[in-house]
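Colleague: return a 3D structure for these sequence lines:
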Amino acid sequence: MSPEELTSKTKICPTCGTKLSINATRCLVCGRQFTSEKASPATEGKKKAEIVETPRMPQLTLSLPAAIGLILLLLGIGAGTVFAVFQASAPDVAQNLTPSPTASLTPTITQTPTATETPTPQPTFTPLPPQEYRIQPNDTCLTIAFNFGVSVNSIIQLNKLSPACDNLVPGNILLIPQPTPTPSPQPTNTLSPQQATEVACQMFPYKVQSGDTLSGIARNYNVSADAIKSYNGLPSDVVYEGMTLNIPLCERLPTPGPTPTPTNPPPYAAPNLLLPADGAVFTAANDSVTLQWASVGTLRQNEAYAVSVEDITEGKGRRLTEYVTDTKFIVPASFRPTDNTPHVLRWFVVPVRQVGTSSDGKPIYDTAGAPSASRTFVWWSAGSAPSTPSP
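Modeller: Next up is the predicted model:
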């Protein structure tokens, strides 16, 4: 088919210049209606001339590089517009932002060094020379030690006497060491035997280890499990690791056995004298006088009370010293004065502990606590009680 035939099959809209089919009755672009009458060859030539002569819409033809450059230009203009809009709204956003508070440094307090007090040196104790005492008839180391407030061992060691201290010769000079200053005991109320036992009982703190049982601890310390429960207020035999138990050493069983750590028994408190009252009077009707005092605790097998009675009216130093484990002592009638003069007798009690045995088998005692306060009573062989004489 020739190009002329192809051209004759299309037509151009005179209004918008759009190529249309030759048979089209309406322009698809601008909507112009076309007549369907078939024109004569002269008319067609005229129409072709009109069509050719009809002015077309201006057309712009761009090359590919120019089109790309135009697109980039438009994108740059758009980006600049968006940037300008954001720059214009930035001050408003900055005004809406609340400034956060800036943390300030807390000033550090510098402490002023405190002046350290220099301790005042305490005066040192200078021992005094021993005292001299002339031995009287019937003197014993125990009574001399009590009168001077020292221990029997200190007198024996200073004078190099025998351990039994049975070689005192009346008239000889005995050196007495200076007593150690101790605070005077305050008067206390009489305790019940149970309270006195608890006060005098020495406690050993023990921390329960892993795997310990109450029976095992009691066996190691030679103390009954019931005694440990009683002193620690335990409702059962259950103990746990880290628990601290107070072991009552005064409740040790008599069965000999090894102890974890040997401990020296503590000194006993001074016995509290009960009867007779200070200054009581006894006559010939009284064949004996009973002395009583409060217990200082459960005594051990080698401990006792030393009871000393001294006739201070006679002036010859008539003394009586006996060792008992009970809390009473009966002064025998043989110690009652035989004349008709009232005699003032002084008595006191001190806990003692056996430290050895003499060559003749007699026990040797040493003080195991503080001596009691002394009391006096009047005893005479006449019938009626006289007024109390002054010693």
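
Colleague: domain parsing for this structure?
Modeller: As assigned by automatic domain parsing, the chain contains the domains 134-176, 203-251, 273-379.

Colleague: okay, those in a markdown table with mean neighbour count next?
Modeller: Quick note: C-beta positions are derived from backbone N, CA and C, even for glycine. Listed next are those as a markdown table, based on neighbours: other C-beta atoms under 10 Å:
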| stretch | mean neighbour count |
| --- | --- |
| domain 134-176 | 16 |
| domain 203-251 | 15 |
| domain 273-379 | 17 |
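
Colleague: so which of those domains gets nearest Thr81?
Modeller: domain 203-251 (81.1 Å; C-beta to C-beta).

Colleague: show the end-to-end separation of that closest one, please.
Modeller: Taking C-alpha to C-alpha, to the nearest Å as the measure, domain 203-251 stretches 10 Å from start to finish.

Colleague: check stretch 201-214 too.
Modeller: Across stretch 201-214, first to last residue, C-alpha to C-alpha, it's 20 Å.

Colleague: and what of stretch 326-341?
Modeller: Rule used - C-alpha to C-alpha; the end-to-end distance of stretch 326-341 is 32 Å.

Colleague: circling back: Cys30 is nearest to which of the domains of the chain?
Modeller: Each of the domains of the chain was scored for nearness to Cys30 using C-beta to C-beta, and the closest is domain 203-251 (107.1 Å).

Colleague: could you pull up the mean pLDDT of that closest one?
Modeller: Model confidence over domain 203-251 averages 89 on the pLDDT scale.

Colleague: do the same with stretch 349-365
Modeller: When the per-residue pLDDT values of stretch 349-365 are averaged, the result is 88.

Colleague: go through the domains of the chain and name the closest to Cys13.
Modeller: Nearest of those to Cys13, taken as C-beta to C-beta: domain 203-251 at 110.7 Å.

Colleague: list the contacts of Val309.
Modeller: By C-beta atoms under 8 Å, 6 or more residues apart in numbering, the residues touching Val309 are Leu291, Arg319, Leu320, Thr321, Val331, Phe335, Leu345, Arg346, Trp347.

Colleague: once you drop chain neighbours, what's closest to Gln33?
Modeller: Setting aside the residues directly before and after it, Gln33 is nearest to Arg26 in space (C-beta to C-beta, 6 or more residues apart in numbering), at 5.6 Å.

Colleague: format the domains of the chain as JSON lines; extra columns: distance to Ile71.
Modeller: Rendered in JSON lines, the data for the domains of the chain read as follows (distance: least, C-beta to C-beta, whole Å):
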{"stretch": "domain 134-176", "distance to Ile71": "123"}
{"stretch": "domain 203-251", "distance to Ile71": "86"}
{"stretch": "domain 273-379", "distance to Ile71": "116"}
